[in-house]
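> pasting the sequence and the predicted model now:
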Amino acid sequence: MSLRKMTIKKLMEKKKLKEKIVALTAYDYSMAKLVDECGIDFILVGDSLSMVMLGNENTLAVTVDEMIHHTKAVSRGVSNALIVGDMPFLSYKVDMKDAIYNAGRFIQEGGAEAVKVEGGSEVCPLIKKLIRADIQVMGHVGLTPQAIYEFGGFMVQGKTINAAKQIITDVLNLQKAGVFSIVLESIPWQLARIITDLLDIPTIGIGAGPYCDGQILVLHDMLGIFTEFKPKFLKYFGNIGAAIKEAINGYKQEVKGEKYPTQEYSYDIQEDEFKKIQEWVDSADLEKEADQAMKEL
Ligand code: KIV
């Protein structure tokens, strides 16, 4: 294992050292490789892939098989970042045995080193069982997108005393159950700050303000590739969607205008060999030669 390899232990130490944790999602080999080469601490193969990769309206539609497929691709591209696989809707809240098996697939087949589950105190019995099965777990509270129908949409959570109390008791129970870190999604920064101070494990914010121990964003959001929905917390760190369109339009125009490919982008053949080919094309019965080739198969 390289010295640069991120581990759960190192990630947890970062909180004590007050070093910010930087995380991103990724869903395929090439992007994961780029993210990893930038020294990002951990990569979440998020169920957000349901929306940004598969075009579904929300995260509920993605299956365990689809998640594993993408996790495999990511792990082929990553050398140093810690890889966390996101347990999708219906994969862990229905049946305990199935949940452990599904989580194990992320590790065994996908190459992930941990899994993430959404939810509060109600998922603690499962988390304990996963840890007993040697599967490390990240928590996720606040706006948990698998519960959007309960919330009535992608709404900020924890804005009232009762809602904040619920989130605080949930994170304390998650920590006790053994999660190594917790994602805080779309909650007021003041609440995220209280939680970050209360916990010994790192908090990872997305729409939870500046005082979390780390931050995560959806890669396709922050690159400006997926622009259908822009929550307040999202900052575009690039306009890659526009850059991709510009490149595609350039290609289209050059092909139509016969500017691409020039000889510079073409393979060449020796003159005498080419002459032989041309003579054969000019003299042979090409249809007959093709029929003969089929018969010989
Ligand atoms: O699925 C995902 O990308 C996530 C992040 C938003 C934390 O859960």
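Sure thing, it's come through.

> what does stretch 5-16 rub up against?
Contact with stretch 5-16 is made by 20-21, 41-42, 79-82, 113-114, 136, 180-181, 200-202, 213-214, as judged by C-beta atoms under 8 Å, 6 or more residues apart in numbering. The way it works is simple: take the backbone N, C-alpha and C, and place the C-beta from them, glycine included.

> can you select the buried ones from those in ChimeraX?
To isolate the buried ones among these in ChimeraX, judged by 16 or more other C-beta atoms under 10 Å, type:
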select :21,41,42,80,81,82,113,114,136,180,181,201,202,213,214
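
> mind listing which of the contacts of stretch 5-16 are in strands?
Mapping those onto strands (DSSP state E) picks out 21, 42, 82, 114, 181, 214.

> so what's the fourth one closest to, chain neighbours aside?
Looking back up the chat, that one is residue 114. residue 136 (4.0 Å; C-beta to C-beta, 6 or more residues apart in numbering).

> again, but for the second one
Of all residues beyond its chain neighbours, the one nearest residue 42 is residue 82 (4.0 Å), with distances taken as C-beta to C-beta, 6+ apart.

> got it, and the first one?
With C-beta to C-beta, 6+ apart as the criterion, residue 21 has its nearest non-adjacent residue at 2.7 Å, and that residue is residue 214.

> the one you found contacts residue 23, correct?
Yes. Using C-beta atoms under 8 Å, residue 214 makes contact with residue 23 at a distance of 6.0 Å.

> list residues touching both of the two?
By the contact definition C-beta under 8 Å, 6+ apart, residue 214 and residue 23 are jointly contacted by 41, 204.

> in stretch 191-204, what's buried?
Applying 16+ other C-beta under 10 Å to stretch 191-204 flags 191-196, 199, 201-204 as buried.

> now that stretch, how far from the centre of its chain.
Put simply, stretch 191-204 sits 23 Å off its chain's centre (C-alpha atoms, centre = their mean, to the nearest Å).

> one more: stretch 206-226?
12 Å.

> any idea how far the ligand is from residue 51?
Residue 51 is 9 Å from the ligand, where distance means C-beta to the nearest ligand atom, to the nearest Å.

> nope, residue 67 is what I was after
Residue 67 is 10 Å from the ligand, by C-beta to the nearest ligand atom.

> excluding sequence neighbours, find me the nearest residue to that residue.
The shortest distance from residue 67 to any non-neighbouring residue, by C-beta to C-beta, 6+ apart, is to residue 88 (5.3 Å).

> residue contacts, residue 30?
Counting by C-beta under 8 Å, 6+ apart, residue 30 has contacts residue 77.

> repeat that for residue 130.
Taking C-beta under 8 Å, 6+ apart, one finds 99-100, 103, 115, 136-137 in contact with residue 130.
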